[in-house]
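Asker: Sequence first, predicted model second:
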Amino acid sequence: MPVYTYRCENCGIQFERQQSFTDAPLKTCPECRKKSLKKVITPTKIIFKGPGFYATDHKSSSGSNSGSSKPEKKETKAENKTKSDS
């Protein structure tokens, strides 16, 4: 069952409750007894486990999976200036 974080907009208390997906959200604050609770959205932790995640799940920019292609070198303005001065 997921754990939800609630914060009271009246007194500022923040707490967590384990609830089922089908349970109705809490509305009454356990401290001040007012109906001013709101769910707090918290980021979910993601853990990538197992070998080969990056090798198998991301394509190279050229579309091939080998990674042997090298990107072309781009000339900067300074390099262009020295070539034109010679």
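Answerer: Here it is on my side, so go on.
Asker: can you give me the strands for the chain?
Answerer: For the chain, the strands defined by DSSP state E cover 3-8, 14-18, 37-40.
Asker: With mean neighbour count, mean pLDDT and distance to Ile47 as new columns, can the ones you listed be given to me in CSV?
Answerer: Backbone N, C-alpha and C define where each C-beta goes, glycine included. Conversion of the strands of the chain to CSV gives the following (neighbours: other Cβ atoms under 10 Å; pLDDT from 0 to 100; distance: least, Cβ to Cβ, whole Å):
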stretch, mean neighbour count, mean pLDDT, distance to Ile47
strand 3-8, 16, 94, 17
strand 14-18, 12, 95, 20
strand 37-40, 14, 94, 22
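Asker: which ones are touching Phe48?
Answerer: Contact criterion Cβ atoms under 8 Å, 6 or more residues apart in numbering gives no residues in contact with Phe48.
Asker: Hmm, I typed the wrong one, I wanted Lys39.
Answerer: Tyr4, Thr5, Tyr6, Pro25.
Asker: okay, these in a markdown table with distance to Ser36 next?
Answerer: Written out in a markdown table, the entries for these read as follows (distance: Cβ to Cβ, whole Å):
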| residue | distance to Ser36 |
| --- | --- |
| Tyr4 | 16 |
| Thr5 | 15 |
| Tyr6 | 10 |
| Pro25 | 13 |
